[in-house]
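# Pasting the sequence and the predicted model now:
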Amino acid sequence: MNWRLLGWLAPVGPVVGTLTVLGVIPQGTDRFVWFAVVIGTALLVARREPARALLHGVVAGFWNGATSTLAQALFLERLVANNPWFRDAFVKQPPGFDLDYFVFMTVPFIGVAGGAMTGLLSMLAVRILAARGSTRSGGGETRS
């Protein structure tokens, strides 16, 4: 496991989650931010760890997705205050619907989805980069 690579990628999820909580990322543009994050992560993983791109992509994607959603769950009141569209999306829920519980429950699911997407795109990127002859083994890796 290349912990140095994962260490460089680890802050991405919490930063995107925090920017969302603060209302910096406008409504509807979060999907483009995540598209860039997933593609960038997959390319970086494919270049640095082509032999284990799936593993590193899954770990990085899970971490980014889970920590971003966790940041939003922990600061839900501020998220709703800074992003009225978020609250409006849940207005028509049945009585007794607990938004706090719902957001916390999505953390592992978003993590798994992010990990799967990033891992699969990392493998695809390895194939594309190998066809172009531009992959290289990551130096300075530590194994556990």
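In hand now; what should we look at?

# quick one: buried residues of the longest helix anywhere in the chain?
In terms of residue count, the longest helix belonging to the chain (DSSP state H) is helix 99-132. For helix 99-132, burial by neighbour count (16 or more other C-beta atoms under 10 Å) applies to 99, 103-104, 106-107, 110-111, 114-123, 125-126, 129. Heads up, the C-betas are built off the backbone N, CA and C, glycines and all.

# Mind giving me the packing neighbours of that helix?
Under the contact criterion of 3 or more C-beta pairs under 8 Å, 6 or more residues apart in numbering; DSSP states H and E, helix 99-132 touches helix 30-48, helix 53-74, helix 76-82.

# contact partners of the worst-scoring helix or strand of the chain on mean pLDDT?
Using mean pLDDT, DSSP states H and E, helix 84-88 stands out as the lowest-scoring helix or strand of the chain, at a mean of 85. Helix 84-88 is contacted from outside by Q27, L79, V80, using C-beta atoms under 8 Å, 6 or more residues apart in numbering.

# pLDDT weak spots in this protein?
The chain contains residues with pLDDT under 70 at 134-144.

# Just to check, L6 is in contact with V59?
Yes - L6 lies in contact with V59 (C-beta atoms under 8 Å); the separation is 6.1 Å.

# Who has more neighbours out of the two?
Set L6 next to V59 and count neighbours by other C-beta atoms under 10 Å: V59 wins out with 21 against 15.

# these two touch, right, that one and G115?
Yes - contact status for V59 versus G115: in contact at 7.0 Å, counting by C-beta under 8 Å.

# Which residue, other than its chain neighbours, is closest to G57?
Leaving aside its chain neighbours, G57 sits nearest to S122 (3.1 Å; criterion: C-beta to C-beta, 6 or more residues apart in numbering).

# residues contacting that neighbour?
T41, A42, V45, A46, A53, L54, H56, G57.

# just N64 next, same as before
Residues counted as contacts of N64 (C-beta under 8 Å, 6+ apart) are L9, V12, G13, V16, V37, T41, G114, T118.

# Of all the helices and strands packed on helix 99-132, which one is nearest V91?
Closest to V91 of the helices and strands packed on helix 99-132 is helix 76-82 (C-beta to C-beta; 11.4 Å).
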